[in-house]
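Student: okay, sequence plus prediction incoming.
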Amino acid sequence: MKILTSKFNTKYDTAPFSQIKLDDYKPSFIENIASARIEIDAITHNADSPSFQNTIEALDFSGNALERLSSIFFNLNSAETSDEMQKIAQEVSPLLTEFSNDITLNEDLFKRIKTVYEQREGLNLTTEQATLLDKKFKNFSRNGAQLSEEKKLKLREIDTELAMLKLTYGENVLAETNNYQLHITSKEDLNGLPEGTVEAAKALAKSKELEGWIFTLDYPSYIPFVTYADNRELRKEIAIAAGKKAFQNNEYDNQKITLKIAKLRHERANLLGYETHSHFVLEERMAQNPNKVKSFLNDLLAKAKPAAEREFAKLTAFANSLDGIEKLEKWDGAYYSEKLKQQLFNLDDEKLKPYFQLENVLNGAFTIAGKLYGLTFTEIFDIDKYHEEVMTYEVTNGNKELVAIFYADFFPRKGKRNGAWMTGFKSQYIKDVINERPHISNVCNFTKPTATKPSLLTFNEVTTLFHEFGHGLHGMLANTVYPSLSGTSVYWDFVELPSQLMENWCYESEALALFAKHYQTGEVIPQEYVEKIKESASFQEGMATLRQISFGLLDMAFHSNNPTEITDVKAFEKAAFEGTTLYPDVAENCMSVSFSHIFNGGYSSGYYSYKWAEVLDADAFAYFQEKGIFNKEVATKFKENILSKGGTELPMELYKRFRGHEPNADALLKRAGLV
């Protein structure tokens, strides 16, 4: 247990994964919470008058061991979980929620914070210190510090229940993902599928001691199946299975949990004096309030819908001419879109994949980060990893100084949730003149290498890798004093800027030449393919935009209104999607019950931020294009004003300092082909 309750005696202070036993976690949480309480008590009962240093700063640096333990445990609970780990998560979550509430509802501590806050004008604080003070005061006042004792008690109950419900929600989605498999024994049912996908399905069946081929709901298996399988009935079967995760009236059903989460969030917001959960959340976002978000989404909808309807009509006519399909269903979308794309651009993933070997793409991301920000990535083998497939890197700058430790975890496995994300095992901060460097992780789910092929990525997976790497750079290049303002600790509708900006290099010849090389011949991707990638970038962009808008509107429907009257999740979802739907509804399917971004992740009232950040990233990349995509001056401005600054200032101020003006939506509309 000591391993998780004291400073790690490891190279670069990295997490000692191999020494951690499951039994260590709960006792370590209990001990680290107790230690953090002692630190909080020392701040609260300090005999000296409250000052920025002895109250605000001390508070931000408190609980470091607990913070690290939480990051290790909950990151592994997403990337390498087990039944035992999920049980521990259910046991420790209430302890953490209680501790968090004990801090924000501590009246004496809040009095000290308030005293400092009221003296702020005369304290001669730096910009970062002023931001920290403002955030600490708001964090307490927005989370119940000024409530009556009775209401504080109620808030504690709500927070504890919400923490448990969110965990269960995520566990149910993972269980449903793992519980489904499409077992194919007839070779003709594989018609249309790429060779690599078939080979992976064969290997999976063999690992389960079964004949034939197995396809699952993991993205590297599911996406190629619905995109390429000629057998429409099987596409329908797997698509419906994906859409009914946690919507099957079984032990993993999330309908009641979804409603309970929405209702508790609303009750919590009301308790704190806010009209809805969205009003509470958006107060601390660039968008500021629900009306602004809805207006933003609806303006975009007005521009995207005509294009989406034209694209859908074209796709329907194409499917009809090809196979006599009268009415397109959801399981037809990816299949006929891919065929239409091939016809229009003579380009498909199977043509491109040989040029996108995972190792080359990753090295390409490293090379581009080197050209832009002067970083060098060196694989190292002398630090612990939590799974043998994880790769570890030392990140250094031009002066050979350590910038970060980087973990890369790219393949699906049973204990890992679907999707792709960036996270951290250690924050960056500066204390006692030492700049503690961050430990950052990118987690994805790409196709594993097979006996005959390395891991070859679809172009969509290439942009996913670059997206998460952009988040990673935001974490790695962090350079702030205080841990709570470091790296990606920014307004939620600003956090996607570095990630979405990074995707742009995937479309540029100059960048692709660095890494898009045929895995067998070493030949650089032909220029005609690059042109087609660029041409096809806005293919069905209206439909894609409409889809993202629909998710944002569903999020706002749940959170910017009173949800207490909702009794039927499916009916409510259907009403929220009205005006954005193209395909007929599927009765067996419901998205809300597996919409992990908003019910298990941190995106509640924030899903709009993907489109919001696209406006920022298109405008920012236009600056790079104007000056050169590897222009050192622009890259340095982006690094110094955005990547290294974290949440130390208001995002719009940082953006204007980088760009010289507020973001303009024209660049996005032009890039998306919507104008």
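Tutor: Done, it's in.

Student: what about the strands in the protein?
Tutor: 182-184, 213-215, 376-379, 391-396, 402-409, 421-426, 429-431, 434-436, 439-443 (DSSP state E).

Student: and residue 142, which of these is closest to it?
Tutor: Of all the strands of the chain, strand 429-431 sits nearest to residue 142, with 23.2 Å by CB to CB. Yep, even glycine has a C-beta here, placed from its N, CA and C like the rest.

Student: how far away is the residue nearest to the spatial centre of the chain from residue 488?
Tutor: For the chain, the residue sitting closest to the mean C-alpha position, by CA atoms, centre = their mean, is residue 421 at 4.6 Å. Distance check for residue 421 against residue 488: by CB to CB, to the nearest Å, it reads 11 Å.

Student: show me what contacts the residue nearest to the centre of the chain?
Tutor: 78, 442, 443, 468 (CB atoms under 8 Å, 6 or more residues apart in numbering).

Student: what about the closest residue to residue 4 other than its chain neighbours, neighbour count?
Tutor: Excluding the flanking residues, the one nearest residue 4 by CB to CB, 6 or more residues apart in numbering is residue 28, at 3.8 Å. Counted with other CB atoms under 10 Å, the neighbours of residue 28 add up to 23.

Student: again, but for residue 228
Tutor: Residue 228 - counted by other CB under 10 Å - has 22 other residues nearby.

Student: let me see the contact set for it.
Tutor: So residue 228 contacts 192, 193, 194, 197, 335, 338 (CB under 8 Å, 6+ apart).

Student: of all these, which comes closest to residue 16?
Tutor: Nearest to residue 16 among these, with distances taken as CB to CB, is residue 197, at 37.9 Å.

Student: next, count neighbours for the residue lying closest to residue 416 once chain neighbours are set aside.
Tutor: Excluding the flanking residues, the one nearest residue 416 by CB to CB, 6+ apart is residue 79, at 5.2 Å. For residue 79, the neighbour count with other CB under 10 Å is 20.

Student: do residue 380 as well
Tutor: Neighbour number of residue 380 under other CB under 10 Å is 15.

Student: could I get the pLDDT score of it?
Tutor: Note on residue 380: pLDDT of 98.

Student: who's in contact with the residue nearest to it when sequence neighbours are not counted?
Tutor: Counting by CB to CB, 6+ apart, residue 380 lies nearest to residue 394, which is 4.9 Å off, once chain neighbours are set aside. When contacts are counted by CB under 8 Å, 6+ apart, residue 394 touches 12, 377, 378, 380, 402, 405, 406.

Student: redo that, cut-off 10 Å
Tutor: Contact analysis of residue 394 by CB atoms under 10 Å, 6 or more residues apart in numbering lists 11-12, 376-380, 382-383, 402-406.

Student: so where's the chain uncertain?
Tutor: Flagging of the chain using pLDDT under 70 yields the residue ranges 1.

Student: hang on, the earlier thing: and the strands of the chain: which comes nearest residue 660?
Tutor: The nearest among the strands of the chain, by CB to CB, is strand 402-409 at 27.4 Å.

Student: right, and residue 279 touches residue 265 too?
Tutor: No - using CB atoms under 10 Å, residue 279 makes no contact with residue 265, being 11.2 Å away.

Student: neighbour-wise, which of the two wins?
Tutor: It is residue 265, of residue 279 and residue 265, that has more neighbours when counted by other CB under 10 Å, with 23 against 20.

Student: give the contact list for that one.
Tutor: Contacts of residue 265 (CB under 10 Å, 6+ apart): 158, 162, 276-278, 280-281, 558-559, 563, 599, 604-605.

Student: mind redoing it with 8 Å?
Tutor: 162, 277, 559, 604.

Student: and it, how far from residue 605?
Tutor: In terms of CB to CB, residue 265 sits 9 Å off from residue 605.

Student: and what of residue 174?
Tutor: Taking CB to CB, one finds residue 174 at 24 Å from residue 605.

Student: quick one, which of those two is more surrounded?
Tutor: Taking other CB under 10 Å, residue 174 and residue 605 do not tie; residue 605 has more neighbours (27 against 24).

Student: you'd agree that one is up against residue 557?
Tutor: No - Residue 605 is beyond contact range of residue 557, at 10.8 Å (criterion: CB atoms under 8 Å).

Student: chain neighbours aside, what residue packs nearest to residue 49?
Tutor: residue 115 (7.8 Å).

Student: relative to residue 520, how far out is the one you found?
Tutor: 69 Å.

Student: next one: residue 279
Tutor: 57 Å.

Student: got it, and residue 75?
Tutor: From residue 75 to residue 520 the distance is 36 Å (CB to CB).

Student: compare those two (neighbour count), which wins?
Tutor: Between residue 75 and residue 520, residue 75 has the larger neighbour count (other CB under 10 Å), namely 20 against 10.

Student: which residues of the stretch 51-200 of the chain fall in helices?
Tutor: 58-61, 64-79, 83-104, 107-118, 127-141, 149-179, 195-207 (DSSP state H, counting those that start in this stretch).

Student: a markdown table for these, including distance to residue 497?
Tutor: What follows is the helices of the stretch 51-200 of the chain, written out as a markdown table (distance: least, CB to CB, whole Å):
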| stretch | distance to residue 497 |
| --- | --- |
| helix 58-61 | 24 |
| helix 64-79 | 23 |
| helix 83-104 | 28 |
| helix 107-118 | 29 |
| helix 127-141 | 18 |
| helix 149-179 | 26 |
| helix 195-207 | 34 |
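
Student: what's the closest of those helices to residue 293?
Tutor: helix 127-141 (19.8 Å).

Student: so which elements touch that closest one?
Tutor: Counting contacts by 3 or more CB pairs under 8 Å, 6 or more residues apart in numbering; DSSP states H and E, helix 127-141 is packed against helix 58-61, helix 107-118.
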